[in-house]
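Peer 1: Sequence and predicted structure below; questions after.
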Amino acid sequence: MNVLRLIDPRNGNIPEFLVPRFEVRIAGVGLPNDVLRDVSEITYRDSLTELDQFELTVNNWDSEARQFKYIGSETEANRKEPRYTLFEPCGKRVGISFGYLDDMMLMMTGTFTTMETAFNQSGGSTLTARGLNAFHMMRTTKYTTAWENKTPSEIAKDIGTRTNAGKKRFPLPVEIIEGTEGREQKIPFVTESSQFDIDFLLNLARQHGYEISTKLNKRGDAIALLFGNPSDSPRAVIQLDWGQTLVEFKPKLSTAGTFNSITVKGWDRKTQKPIAAKVDWNSKELRGMNSKFRELVEKCDRQDNEVVDLPVFSVADARRRAVGLMRDNSARIIQATGTTIGFPELRAGRKLLIRGIGARLSGEYLVTKSTHSIGDGGYTTKFECRLEDFKGKSS
């Protein structure tokens, strides 16, 4: 297993002594030093199902001049000066980077979408500027589409060529990152159900450890969407050890809502007959799944059968969907939240190897959400995850 540990490459120690840094670049230019000093906290968030977002908390009060700095003291004559429009929504491309010393990682590129402030009687004031990944501009129309026996790259390329009412439904052509397609496996069935194409693609990418970015021309205009594995080697599993890099970990074991079996039903339009397929814990596709907690689930608070109506095209298709639902249901038995020292690589879609908390809870987890914050308390990364260790490995 390719494992990534949080260490200082210069001496192999946990980098507790390193000073965290962040960078904010607006329209390609870093913040002036006086503005940078006004930023009291910066936060970046991502998840498997939502667009990346960021938030800046900025001091808005000049105690010497006794006036507001970025909003609240402008006049009609000067309201368009750069200082007063710096954090305004729309238009300006914003890049957010986190890291230590010279080792910085670009977390996201987006635009400001919200600017708010509070005017207090005491005179002090803070400004909060929030932004979303630039992909939010691609949220125009929701679609429902299904693919059978396609790889993630084939699905992404197909979205890039589809049309709606004679017009391209996705604003950019989709290019696959070199080295991605040779390692992929076909997915039996995937459904985009009333989603924006960009949201669907982001979720698809993160579920497979991929990334999405834009290809820019010399003027900085987006000319293509890049989809795939960002390197020629699989992404490393991030190792966190309790009492060392893992500061806090709160796992929750819940058998409520678990199923002994799942039946997927549909309708065959050609034969005008119903379609049904049922799988349970003993089905061949599920052997070895969740071996740590299988006995507990089978005898505990569970439902005997869950029946789901889905748009399926054959019995085999219905069975594949049922297997997928059982796997997803199993992955929700152990969910957890955790905190570690700031780790820019820890993002939604990454695998974690959690160690030092016993045989039942140690193992591989999938990160579903991450929150990176730099403020008075230093740099911390909080995350949500779920146990993906179906075969019971407990490194």
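Peer 2: Nice, thanks for sending it over. Numbers count the residues shown, from 1 in each chain.
Peer 1: Would you check how far apart the residue located most distally from the centre of the chain and residue 115 are?
Peer 2: For the chain, the residue at maximal distance from the C-alpha centroid (Cα atoms, centre = their mean) is residue 77, at 43.0 Å. Residue 77 is 21 Å from residue 115, where distance means Cβ to Cβ, to the nearest Å. Where you see a C-beta, it was placed from the backbone N, CA and C, and this is true even at glycine.
Peer 1: ditto for residue 53
Peer 2: Look at residue 53 and residue 115: by Cβ to Cβ, they are 14 Å apart.
Peer 1: before we move on, what about residue 224?
Peer 2: 31 Å.
Peer 1: Neighbour count for those two, which is higher?
Peer 2: Each of residue 224 and residue 115 has its neighbours counted (other Cβ atoms under 10 Å); residue 115 has more, 19 against 15.
Peer 1: Give the other helices and strands that the helix or strand containing the more buried one contacts.
Peer 2: Per DSSP states H and E, residue 115 falls inside strand 103-117. Secondary-structure packing of strand 103-117 (3 or more Cβ pairs under 8 Å, 6 or more residues apart in numbering; DSSP states H and E): strand 39-47, strand 53-59, strand 93-100, strand 126-133.
Peer 1: now with 7 Å?
Peer 2: Counting contacts by 3 or more Cβ pairs under 7 Å, 6 or more residues apart in numbering; DSSP states H and E, strand 103-117 packs against strand 93-100, strand 126-133.
Peer 1: Could you dump those into a markdown table and include mean pLDDT and mean neighbour count?
Peer 2: Below are the helices and strands packed on strand 103-117 laid out as a markdown table (pLDDT from 0 to 100; neighbours: other Cβ atoms under 10 Å):
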| stretch | mean pLDDT | mean neighbour count |
| --- | --- | --- |
| strand 93-100 | 92 | 19 |
| strand 126-133 | 94 | 20 |
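Peer 1: who wins for proximity to residue 258 among the ones you listed?
Peer 2: The closest approach between residue 258 and any of these, judged by Cβ to Cβ, belongs to strand 126-133 at 34.2 Å.
Peer 1: Buried residues, the helix or strand just after that closest one. List them.
Peer 2: Following strand 126-133 in sequence order, the next helix or strand is strand 142-150 (DSSP H and E). Across strand 142-150, burial judged by 16 or more other Cβ atoms under 10 Å covers 143, 145, 147, 150.
Peer 1: Kindly report the same for stretch 43-63.
Peer 2: 43-48, 51-61.
Peer 1: Quote the end-to-end distance of it.
Peer 2: One end of stretch 43-63 to the other measures 26 Å (Cα to Cα, to the nearest Å).
Peer 1: Adjust the sequence numbering to begin at 881 for everything that follows.
Peer 2: Will do, 881 is the new start, and the previous item becomes stretch 923-943.
Peer 1: re the thing from before, need the buried residues of strand 1022-1030 in CSV (columns: distance to residue 1062 and pLDDT).
Peer 2: Formatted as CSV, those follow (distance: Cβ to Cβ, whole Å; pLDDT from 0 to 100):
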residue, distance to residue 1062, pLDDT
1023, 29, 92
1025, 25, 90
1027, 20, 88
1030, 16, 90
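Peer 1: what two of these are the furthest from one another?
Peer 2: 1023 and 1030 (16.0 Å).
Peer 1: hang on, the earlier thing: next, the angle strand 919-927 makes with the strand holding residue 995.
Peer 2: Per axes from the mean of the first three to the mean of the last three Cα atoms, to 10 degrees, the angle that strand 983-997 makes with strand 919-927 is 100 degrees.
Peer 1: Now strand 983-997 - C-alpha only, PDB.
Peer 2: Extracted C-alpha coordinates of strand 983-997, given in PDB (Å, rounded to 0.1, in the frame of the first residue of the first chain):
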ATOM      1  CA  ASP A 983       5.600  24.000   0.800                       C
ATOM      2  CA  MET A 984       2.300  25.400  -0.400                       C
ATOM      3  CA  MET A 985      -0.700  23.700  -2.000                       C
ATOM      4  CA  LEU A 986      -3.400  25.400  -4.100                       C
ATOM      5  CA  MET A 987      -6.600  24.300  -2.500                       C
ATOM      6  CA  MET A 988      -9.000  25.900  -5.000                       C
ATOM      7  CA  THR A 989      -9.600  28.600  -7.500                       C
ATOM      8  CA  GLY A 990     -13.000  30.400  -7.400                       C
ATOM      9  CA  THR A 991     -14.800  33.700  -7.100                       C
ATOM     10  CA  PHE A 992     -16.300  35.700  -4.300                       C
ATOM     11  CA  THR A 993     -20.000  35.100  -4.000                       C
ATOM     12  CA  THR A 994     -20.900  36.800  -0.700                       C
ATOM     13  CA  MET A 995     -19.700  39.800   1.300                       C
ATOM     14  CA  GLU A 996     -21.200  40.600   4.700                       C
ATOM     15  CA  THR A 997     -20.300  42.800   7.600                       C
END
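Peer 1: Would you mark the buried spots in it?
Peer 2: 987-992, 995, 997.
Peer 1: what's the angle from it to strand 933-939?
Peer 2: Using the same axes, to 10 degrees: strand 983-997 against strand 933-939 is 70 degrees.
Peer 1: Work out the sheet partners of strand 983-997 and label each with its direction, please.
Peer 2: strand 973-980 (antiparallel), strand 1006-1013 (antiparallel) (DSSP bridges).
Peer 1: got TSV for the buried residues of strand 1022-1030, with distance to residue 1076 too?
Peer 2: Shown next, in TSV, are the buried residues of strand 1022-1030 (distance: Cβ to Cβ, whole Å):
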residue	distance to residue 1076
1023	8
1025	12
1027	17
1030	20
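Peer 1: Relative to residue 1256, which of those residues is nearest.
Peer 2: Using Cβ to Cβ, the buried residues of strand 1022-1030 come closest to residue 1256 at residue 1023, 44.5 Å.
Peer 1: what helices or strands is the top helix by length along the chain leaning on?
Peer 2: Determined from DSSP state H, the single longest helix within the chain is helix 1195-1211. Where contact means 3+ Cβ pairs under 7 Å, 6+ apart, helix 1195-1211 is packed against strand 1067-1076, strand 1141-1148, strand 1153-1160.
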